[in-house]
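Student: Any chance you could fold what I've pasted below:
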Amino acid sequence: MEQFVDDDDLIRQYQGGEEEAMAELLKRYKKRVYTYILNVVRNREVAEDIFQETFFKVIRTLKKKQYNSEGKFIQWVVRIAHNLTIDYFRQNGKISTISKIVRPDGKVVDVFDVVKIEDHSHEDTLIKSQIRKDIRKLVEHLPQEQKEVVILRHYYDMSFKEIADHTNVSINTALGRMRYALINLRRLAEEHQVALTV
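Tutor: Numbers count the residues shown, from 1 in each chain. Now for the predicted structure:
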């Protein structure tokens, strides 16, 4: 059985001249990094360009031995991807600046909890799948900074502290963006007549 080599060991191997160590790191994280970029830019061509530039930057930094191994390698890579994504939006003039929803019966629910309830029937499964898709579509209508916080929080399970560090803002700013995202999602749900609960 092949022994698992951790990221830091692979980085040391790569810096020592073993090119296959970078191939292993790329294999481990390619899908996760590319999916993150695509979720933000929503364009495959742009996502591929940013993904390539991200790993060029990773390789350059590792070759110069400027990588600081405090924290996880993947978080560092995603931060590079994030910064390059922000640069893309700035260059293209596209930068602009959820969780409680009140149901018609007055009950307050978390918009993302509605998709975590255990399924009781095939019909419920289909309905919840549709709700999940509808929420995802609504998220696409949010301003870029709010959308990013929602994606990082609910699709990448990051804490608000991690989101704040990742996006170079204060925790209060990250929380504020989430609060406005939720307000906007509720408004969008009403405008588009989207049911957020079964």
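Student: Tell me where the chain is predicted with low confidence.
Tutor: Under the criterion pLDDT under 70, the flagged ranges of the chain are 1-2, 69, 93-132, 193-198.
Student: Find the centremost residue of it, please.
Tutor: residue 152 (3.9 Å; Cα atoms, centre = their mean).
Student: what distance separates the helix or strand harbouring it from the centre of its chain?
Tutor: Per DSSP states H and E, residue 152 falls inside helix 144-154. With Cα atoms, centre = their mean, to the nearest Å as the basis, helix 144-154 stands 7 Å off its chain's centre.
Student: Enumerate the positions of the next helix or strand after it that are buried.
Tutor: Downstream of helix 144-154, the first helix or strand assigned by DSSP H and E is helix 160-167. Neighbour-count burial for helix 160-167 flags 160, 162, 163, 164, 165, 166, 167 (criterion: 16 or more other Cβ atoms under 10 Å). To be clear about C-beta, it is placed using only N, CA and C from the backbone, and glycine gets the same treatment.
Student: wait, what's in contact with the first one?
Tutor: Residues near residue 160 by Cβ atoms under 8 Å, 6 or more residues apart in numbering: 153, 171, 174, 175, 178.
Student: Just the residues you listed: which are in helices?
Tutor: With helices taken from DSSP state H, the overlap with the contacts of residue 160 comprises 153, 171, 174, 175, 178.
Student: Among those, name the buried ones.
Tutor: 153, 174, 178.
Student: would you turn those residues into a markdown table with distance to residue 60?
Tutor: A markdown table is the format used below for those (distance: Cβ to Cβ, whole Å):
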| residue | distance to residue 60 |
| --- | --- |
| 153 | 31 |
| 174 | 29 |
| 178 | 34 |
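Student: Residue 57: which of those residues is nearest?
Tutor: residue 174 (24.3 Å; Cβ to Cβ).
Student: The closest one and residue 181, how far apart?
Tutor: Residue 174 sits 11 Å away from residue 181, taking Cβ to Cβ, to the nearest Å as the criterion.
Student: shared neighbours, these two?
Tutor: Residues touching both residue 174 and residue 181 (Cβ under 8 Å, 6+ apart) are residue 149.
Student: doesn't residue 39 make contact with residue 85?
Tutor: No. Using Cβ atoms under 8 Å, residue 85 makes no contact with residue 39, being 9.9 Å away.
Student: Of the two, which one has the most company?
Tutor: More neighbours surround residue 85 than the other of residue 85 and residue 39, with 22 against 19 (other Cβ atoms under 10 Å).
Student: Which of the helices or strands spans that one?
Tutor: Assigned by DSSP H and E, residue 85 belongs to helix 73-91.
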